[in-house]
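[1] 3D, please:
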Amino acid sequence: MKSFIKIILMLFFAVLAYSLISPKAQAIYDPSSKPNNIVGIHILFPSELQDAAKLVNSSGGDWGYITIPIQSTDLNIQKWQSFMDDCRKFHLIPIIRLATNGDYFNQSSWEKPNDYNVLDFANFLNSLNWPTKNRYVIVYNEPNRGDEWGGAPNASEYAGILDYAVHAFKERSDDFFILSAGLDNASDNVSGQSINEYTFMRQMDAAVPGIFGEIDGIASHSYPNPGFSQPPLSYGYEGVSSFKYEENLASYLGNKNLPVFITETGWTDNQIPESVQAIYYKESFNSIWNDKDVIAVTPFLLTAGAGPFEQFSFINGSSDKSQKYLTLQKLPKPKGQPDINNYPLASAQDFIKPVLPTKSFDNNAKRNYTATVSRATVIFVKWLLNI
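    Numbering: from 1, shown residues only. Okay, here's the model as predicted:
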């Protein structure tokens, strides 16, 4: 009888010890289940966070969203941990978009990612303290365009990368909320150059059946196409409501209701006056993007500077706020209440490489190793071992 009791107790304590030392499984939550501020903005650099917060958390809002790309050659832990800390400080929910680099052999396109790139990203992003429980990650950008995928689009290759990304990130933390890439909603089927987004999605599912059932949501580039210049309409495969068709197809293919993150959208200054854009943004937020399945809308782009993206910029080169900026700033917003991670903020000292101790050859030097074990534990172990 005594031996039987010992066995039961040993099993009990083994299970208890495992539960104490093994990592606790965590999981994402449905962001629509909590008060949510869908208003956000797309940025390019962490230095823009404070300006972004002034826009997306204005007029009663709190915990808006920001989308930002991270390149595979920019995995600097001090930079990106400071970024995460600042997101928490300014009450911003980060959406991180994975990015490669310009192709060295083809300057007209971005490099095609591989599994090693994905694994590096998974390890690096898992090493950071995130401000929110859900860790939103977009797996690359517009792969239905050749210039975004090594020169020629390939739905089968992208589906394989997305499938690997889901497993690589989830194996490290169930808090990762994986989004498929936003697709170019204006692309036609042109051999070797581009693939229509809905054709591309079907090709993805044919290559990796059920791929849309593996992800947690979809990113959408609901631009007002053609020409970034169409008025907001509640229908249209290429307009600001194109997310609805993407969502319906993804949910059908994956047999799963998927939330939508509109991570790029916007009108061009080259064709649409700012006063008209301001009206378009207000109408879109109030009557189209207020869809129950839309979690975030982060228009492209807060600050572009000089260059091809200047036509979309909310703040111009002289730091003047555009009319669309002022309209979005005045738009009433709810107070988002995401689940927050209350980790201690890092200091500069945390990133200084420690000086390793040198071995001492002093014969008089002694090392004292101490361990504290409770008297009750000692008695229990002696009883188990009959000593």
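
[2] strands of the stretch 251-387 of the chain, residue ranges please.
    Counting by DSSP state E, counting those that start in this stretch, the stretch 251-387 of the chain has strands at residues 260-264, 294-297.

[3] adding distance to residue 251, mean pLDDT and mean neighbour count, write those out as TSV.
    (C-beta placed from N, C-alpha, C; glycine too.) Output for these, formatted as TSV (distance: least, Cβ to Cβ, whole Å; pLDDT from 0 to 100; neighbours: other Cβ atoms under 10 Å):
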stretch	distance to residue 251	mean pLDDT	mean neighbour count
strand 260-264	10	98	26
strand 294-297	14	98	26
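
[4] turn the ones you listed into TSV, including distance to residue 125.
    Shown next, in TSV, are the strands of the stretch 251-387 of the chain (distance: least, Cβ to Cβ, whole Å):
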stretch	distance to residue 125
strand 260-264	17
strand 294-297	18
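
[5] where does pLDDT dip in the chain?
    1-26, 103-107, 346-387 (pLDDT under 70).

[6] residues of stretch 279-289 that come out buried?
    The neighbour-count check on stretch 279-289 (16 or more other Cβ atoms under 10 Å) flags 279-282, 284-285, 288-289 as buried.

[7] wait, which of those is closest to residue 114?
    For these, the closest approach to residue 114 (Cβ to Cβ) belongs to residue 289, at 34.6 Å.

[8] give the contact list for residue 50.
    Shown here is residue 50, whose contacts under the criterion Cβ atoms under 8 Å, 6 or more residues apart in numbering are 86, 90.

[9] swap in residue 125?
    Applying Cβ under 8 Å, 6+ apart, one finds that residue 125 lies in contact with 96, 135, 137, 169, 176.

[10] what does residue 156 give?
    Contacts for residue 156 (Cβ under 8 Å, 6+ apart) come out as 203-204, 207-208.

[11] among those, which one has the most neighbours?
    residue 204 (26 neighbours; other Cβ atoms under 10 Å).

[12] can you tell me the SS state at that residue?
    For residue 204, the assignment made with DSSP: H, G, I helix; E, B strand; the rest coil gives helix.

[13] distance check, the residue lying closest to it once chain neighbours are set aside against residue 169.
    In space, residue 204 comes closest to residue 159 once its chain neighbours are excluded; the distance is 4.0 Å by Cβ to Cβ, 6 or more residues apart in numbering. As judged by Cβ to Cβ, to the nearest Å, residue 159 and residue 169 stand 16 Å apart.

[14] got it, and residue 56?
    26 Å.

[15] higher neighbour count, the two?
    Neighbour count, other Cβ under 10 Å: between residue 56 and residue 169, residue 56 has more, with 31 against 24.

[16] what helix or strand is residue 69 located in?
    strand 64-71 (DSSP states H and E).

[17] tell me the strands beside that strand, with direction?
    Next to strand 64-71 in the sheet, as set by DSSP bridges, lie strand 40-42 (parallel), strand 92-99 (parallel).

[18] most tightly packed of those strands?
    The highest mean neighbour count among the strands paired with strand 64-71, using mean count of other Cβ atoms under 10 Å, belongs to strand 40-42: a mean of 27.

[19] list the contacts of it.
    Outside strand 40-42, the residues within contact range by Cβ under 8 Å, 6+ apart are 52, 55-56, 64-68, 93, 95, 263-264, 296-302, 314.

[20] same question for stretch 100-118.
    Here stretch 100-118 makes contact (Cβ under 8 Å, 6+ apart) with 71-73, 98-99, 139-141, 146-151, 157, 161, 164-165, 168.

[21] may I see the buried residues of the strand holding residue 69?
    64-70.

[22] now, which of those residues sits nearest residue 323?
    Nearest member of the buried residues of strand 64-71 to residue 323, counting by Cβ to Cβ, is residue 64, at 19.7 Å.

[23] tell me if I'm right that residue 221 and residue 180 touch.
    No: counting by Cβ atoms under 8 Å, residue 221 stays clear of residue 180, with 11.6 Å between them.

[24] residue 345 reaches residue 87, doesn't it?
    No: Residue 345 is beyond contact range of residue 87, at 11.5 Å (criterion: Cβ under 8 Å).

[25] quick one, strands of the stretch 51-200 of the chain?
    Ranges of strands in the stretch 51-200 of the chain, per DSSP E, counting those that start in this stretch, are 64-71, 92-99, 135-139, 176-180.
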